[in-house]
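Trainee: Quick one, what's the 3D model for this:
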Amino acid sequence: MRYVIAGAGAAGISAAESIREIDPTGEIFIFTNEPYGFYSRPGLAYMLTGEIPEKQLYPFPKAYFQKHGIQIWHNSVTRIIPQQHQIELESGSSITYDKLLIATGSSAVQPDIPGIHLEGVVKLDNLKDAQEILSRRRKTKAAVVVGGGITALELVEGFHSGRIQTHFFLRKDRYWSSVLDETESRIILSRLADEGVRLHYHTELISIEEKDGRVSGVYTNSGELIPCQMVAIAIGVRPNIQIARLAGLQVDKGILVDPYLRTSDPDIYAAGDVAQVFDPDLGKANLDILWGPARVEGRFAGLNMAGNEAVYRKQTPLNVTRLAGLTTTIIGAVGNGRQDDEDLLTISRGDSETWREFPDAIIAQEGFEIN
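Mentor: A predicted model of the protein is given here:
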């Protein structure tokens with residue numbers, strides 16, 4: 001058997017591991033456009049703040065994949081030809097497969113505004129982005145962060161740790177209103193303000209100004225010009241499903257899969273950020289843009305590619321993260337049930353053992369009912 005995996009992130013590597021558990025002799029090829037191989041994407045935030053060195057992002061030594069017969073090629077998949085069980089690569093070559101996994105992850109959304117392509121406009125998609133931020137940070141006096149989720153706050157803390165005057169643009173009157181209640185949001189924002197972060201409420205980025213091809217400042221919706229040398233964008237991500245759509249697979253917001261992680265083609269699977277999996281709690285197929293579910297989905301996809309019949313049941317989402325220095329656990333699909341927020345329909349909160357490891361903690365809890 002020849003197993004081909006498009007993507008070397010959490011889902012792709014997890015799939016390769018589980019395939020090898022079942023099939024000790026099959027060929028496993030992983031194709032990726034990531035030049036640094038497999039590393040911890042959540043760890044990038046701690047690399048930006050200087051809490052861990054870059055080398056600690058790698059969970060496996062280089063010899064691990066060679067030992068297990070997993071071949072990783074730095075060559076991305078550009079086209080799938082299902083009828084011929086073949087993929088085409090960026091290099092122009094092609095390869096056939098018996099089973100194929102699409103685990104191409106997601107990419108940061110970039111707004112269509114003047115100056116978005118200037119030097120100094122950054123994001124935090126991958127290790128290369130983190131390295132660029134650290135390199136540019138040395139010559140940066142002020143930076144602007146645009147966005148409202150976890151990644152935006154990671155960027156704020158990354159800039160602040162580099163002793164940069166940091167401006168945080170908030171579209172509304174509080175932070176992450178579809179996830180945190182008002183008390184929780186105020187706790188986060190007050191901690192940022194105490195650290196010297198400049199908070200700009202009801203503020204949107206209108207344009208990015210340049211000097212000699214580089215960022216020199218930004219204009220806001222109020223007409224204010226804020227001088228800066230870096231602008232970080234973190235307004236969301238979009239699953240990389242282009243090759244699936246071109247191949248004629250069934251797609252919606254992501255690639256639609258059955259309980260075995262199979263796509264509409266029985267020999268092609270999908271896992272991770274790109275997989276739109278049926279959620280029994282919500283009664284519809286949904287996306288999970290989280291590291292943990294990507295690992296689990298990859299494992300189940302790999303088992304099934306290797307001949308098992310392992311049913312994947314979408315679990316309650318769990319995300320433990322750090323917001324303004326506070327370890328925060330988010331459990332369940334979250335949101336306010338608004339019509340314009342259809343992916344965030346229910347909310348449930350809980351604590352975790354991680355919280356209990358930090359005695360100096362603040363807990364804000366909102367009541368909820370369990371039917």
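Trainee: which residues touch the most centrally placed residue in the chain?
Mentor: Note on the chain: the residue nearest the mean C-alpha position is Ile289, at 5.7 Å, using Cα atoms, centre = their mean. For Ile289, the contacting residues are 106, 237, 239, 273, by Cβ atoms under 8 Å, 6 or more residues apart in numbering. Every C-beta, even on glycine, is put in place using the N, C-alpha and C of the backbone.
Trainee: which one of those sits closest to Gly115?
Mentor: Within the contacts of Ile289, the smallest distance to Gly115 is 21.5 Å, found for Val237 (Cβ to Cβ).
Trainee: ok, which stretches of the stretch 201-350 of the chain are strands?
Mentor: 205-211, 214-220, 225-227, 230-234, 237-239, 255-256, 268-270, 275-279, 284-287, 318-323, 326-331 (DSSP state E, counting those that start in this stretch).
Trainee: what does the fourth one contact?
Mentor: Contact with strand 230-234 is made by 108-111, 116, 120-124, 133, 136-137, 140, 142-147, 149, 151-152, 154-155, 159, 164, 205, 208, 215, 218, as judged by Cβ under 8 Å, 6+ apart.
Trainee: Now with 6 Å, please.
Mentor: 120-123, 136, 140, 143-147, 151-152, 155, 208, 215 (Cβ atoms under 6 Å, 6 or more residues apart in numbering).
Trainee: These in strands, which ones?
Mentor: 121-122, 143-147, 208, 215 (DSSP state E).
Trainee: and the two most separated of the residues you listed?
Mentor: Gly147 and Val215 (16.5 Å).
Trainee: re the thing from before, so of the strands of the stretch 201-350 of the chain, which one's packed in deepest?
Mentor: strand 268-270 (a mean of 29; mean count of other Cβ atoms under 10 Å).
Trainee: Who are the packing partners of that strand?
Mentor: strand 99-102 (3 or more Cβ pairs under 6 Å, 6 or more residues apart in numbering; DSSP states H and E).
Trainee: What helices and strands are in contact with the following helix or strand past the strand it packs on?
Mentor: Scanning forward in sequence from strand 99-102 by DSSP states H and E, the next helix or strand is strand 106-108. Under the contact definition 3+ Cβ pairs under 6 Å, 6+ apart, strand 106-108 sits against strand 237-239.
Trainee: Quickly run through the sheet partners of the strand it packs on, with directions.
Mentor: strand 106-108 (antiparallel) (DSSP bridges).
Trainee: sorry, back to before: out of the strands of the stretch 201-350 of the chain, the one nearest Pro53 is which?
Mentor: Using Cβ to Cβ, the strands of the stretch 201-350 of the chain put strand 318-323 closest to Pro53, at 18.2 Å.
Trainee: in its sheet, what does the closest one sit against?
Mentor: strand 326-331 (antiparallel).
Trainee: Surely Thr32 and Gly9 touch.
Mentor: No: at 8.0 Å, Thr32 and Gly9 do not qualify as touching, with contact defined as Cβ atoms under 6 Å.
Trainee: follow-up on the earlier one: from the contacts of strand 230-234, which single one is nearest Pro259?
Mentor: Using Cβ to Cβ, the contacts of strand 230-234 come closest to Pro259 at Thr151, 30.3 Å.
Trainee: hang on, that closest one packs against Asp125?
Mentor: No: Thr151 is beyond contact range of Asp125, at 9.0 Å (criterion: Cβ under 6 Å).
Trainee: neighbour count winner among the two?
Mentor: Thr151 (22 against 17; other Cβ atoms under 10 Å).
Trainee: show me what contacts the more buried one?
Mentor: Applying Cβ under 6 Å, 6+ apart, the residues near Thr151 are 124, 234.
Trainee: Okay, it and Ala130: tell me how far apart.
Mentor: To Ala130, Thr151 is 11 Å away according to Cβ to Cβ, to the nearest Å.
Trainee: Report the separation between Glu157 and Leu326.
Mentor: 11 Å.
Trainee: which one is Ala6 nearest to, not counting chain neighbours?
Mentor: Take Ala6 and drop its neighbours on the chain: the residue closest to it by Cβ to Cβ, 6 or more residues apart in numbering is Val77, 4.2 Å away.
Trainee: Pro42 too?
Mentor: Here the residue nearest Pro42, using Cβ to Cβ, 6+ apart, is Trp291, at 5.4 Å.
Trainee: got it, and Ser18?
Mentor: Gly302 (3.4 Å).
Trainee: didn't that neighbour look like it was pressed against Ile19?
Mentor: Yes: counting by Cβ under 6 Å, Gly302 touches Ile19, with 4.4 Å between them.
Trainee: Specify which residue of the two has the higher count of neighbours.
Mentor: Neighbour count, other Cβ under 10 Å: between Gly302 and Ile19, Gly302 has more, with 33 against 30.
Trainee: mind checking how far the top helix by length along the chain is from the chain centre?
Mentor: Longest helix of the chain, by residue count under DSSP state H: helix 291-305. From the chain centre to the centre of helix 291-305 is a distance of 16 Å (Cα atoms, centre = their mean, to the nearest Å).
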